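Student: sequence and predicted structure, then a few things I'm wondering about:
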Amino acid sequence: MIRVSNNFAKAMEFTSFKKKETVTDDELINAVLRFETVLGKQSGVISHCLVRNFKNEYANVLFVTEFDDLKKLEKNMMQLQEAQDFFSLIDEQSVKMTFHKILKDDFQVPDHFSCVECGTFALKNESDNLKLLTISEGIEKEYLDTFENTKAHFIGSIKGNRFSEITIGETLGKTKEICFGYFNNPFCKQLLEIADEKTMELDFWYLTA
């Protein structure tokens with residue numbers, strides 16, 4: 001995990017993948033650590049970490065100062081040996097890359113956390129995009145911020161009518177417990193009501209490197 005600056009983040013890359021069957025966990029983690037030595041020198045980078053879920057999948061979580069930085073990084077990193085070494089350990093067929101435009105002013109990546117909750121969904125009514133942000137503010141103020149475990153939260157725009165809700169927590173267990181409490185909280189239920197249930201995807205990822 002690297003933290004290059006405390007600048008406000010306007011975008012996040014979340015790329016999940018599986019390592020090749022012949023690659024050990026230690027080999028992957030060591031490659032990531034080398035990869036971060038060059039990633040941290042790239043323009044726009046704020047922070048990066050490697051996370052993992054209970055499905056034996058990994059994910060790169062990268063925060064940058066501007067959305068355009070993600071495309072530039074994608075192009076520039078492929079020319080660096082440390083990046084090539086890291087990418088060579090990944091099962092290409094398993095890669096799922098998403099760019100999230102952070103729909104929150106002055107968002108800062110927290111200093112300390114161990115869990116990233118990543119949920120994606122489409123809205124039942126596309127015109128509810130502004131309502132979504134209002135609901136998100138209510139969820140933070142009336143629910144998430146009442147827990148010490150909550151370190152950060154935002155709504156992201158992925159593409160078209162595809163959105164994300166990202167919560168960064170202190171521990172995996174508590175983050176999951178708080179998430180499941182959405183079903184019993186009136187402010188959280190508003191989000192569940194405007195989201196298309198058939199499009200919902202949710203997973204919890206714990207810090208690995």
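Tutor: That came in fine, so what should we check first?
Student: for stretch 31-39, buried residues please.
Tutor: Ala31, Val32, Phe35, Glu36, Leu39 (16 or more other CB atoms under 10 Å). (Glycine included, C-beta is placed from N, CA and C.)
Student: quick check: can you list the domain ranges of the protein?
Tutor: The chain breaks down by automatic domain parsing into domains covering 2-102, 115-207.
Student: generate JSON lines for those, with mean pLDDT as supplementary columns.
Tutor: Formatted as JSON lines, these follow (pLDDT from 0 to 100):
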{"stretch": "domain 2-102", "mean pLDDT": "96"}
{"stretch": "domain 115-207", "mean pLDDT": "97"}
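Student: for those domains, which one sits closest to Gln108?
Tutor: With CB to CB as the measure, domain 2-102 is the member of the domains of the chain nearest Gln108 (6.1 Å).
Student: straight-line length of the closest one, end to end?
Tutor: 20 Å (CA to CA, to the nearest Å).
Student: coming back round to it: just the closest of the buried residues of stretch 31-39 to Ser5, please.
Tutor: Once CB to CB is applied, the member of those that ends up nearest Ser5 is Leu39, at 13.0 Å.
Student: so where do the helices sit in this protein?
Tutor: Ranges of helices in the chain, per DSSP state H, are 25-39, 68-77, 81-87, 129-142, 172-180, 186-194.
Student: out of the ones you listed, nearest to Asn56?
Tutor: Using CB to CB, the nearest of the helices of the chain to Asn56 is helix 25-39, at 9.7 Å.
Student: let me know the angle separating that closest one from helix 68-77.
Tutor: 110 degrees (axes from the mean of the first three to the mean of the last three CA atoms, to 10 degrees).
Student: give the residue farthest from the middle of this structure.
Tutor: Relative to the centre of the chain, and counting by CA atoms, centre = their mean, the farthest-placed residue is Thr22 at 26.9 Å.
Student: which strands border the top strand by length along the chain, and is each parallel or antiparallel?
Tutor: Counting by DSSP state E, the longest strand found in the chain is strand 150-159. Applying DSSP bridges, strand 150-159 is found paired with strand 96-102 (antiparallel), strand 162-169 (antiparallel).
Student: make CSV from those strands and add mean neighbour count and distance to Val61 to it.
Tutor: Output for those, formatted as CSV (neighbours: other CB atoms under 10 Å; distance: least, CB to CB, whole Å):
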stretch, mean neighbour count, distance to Val61
strand 96-102, 17, 10
strand 162-169, 22, 9
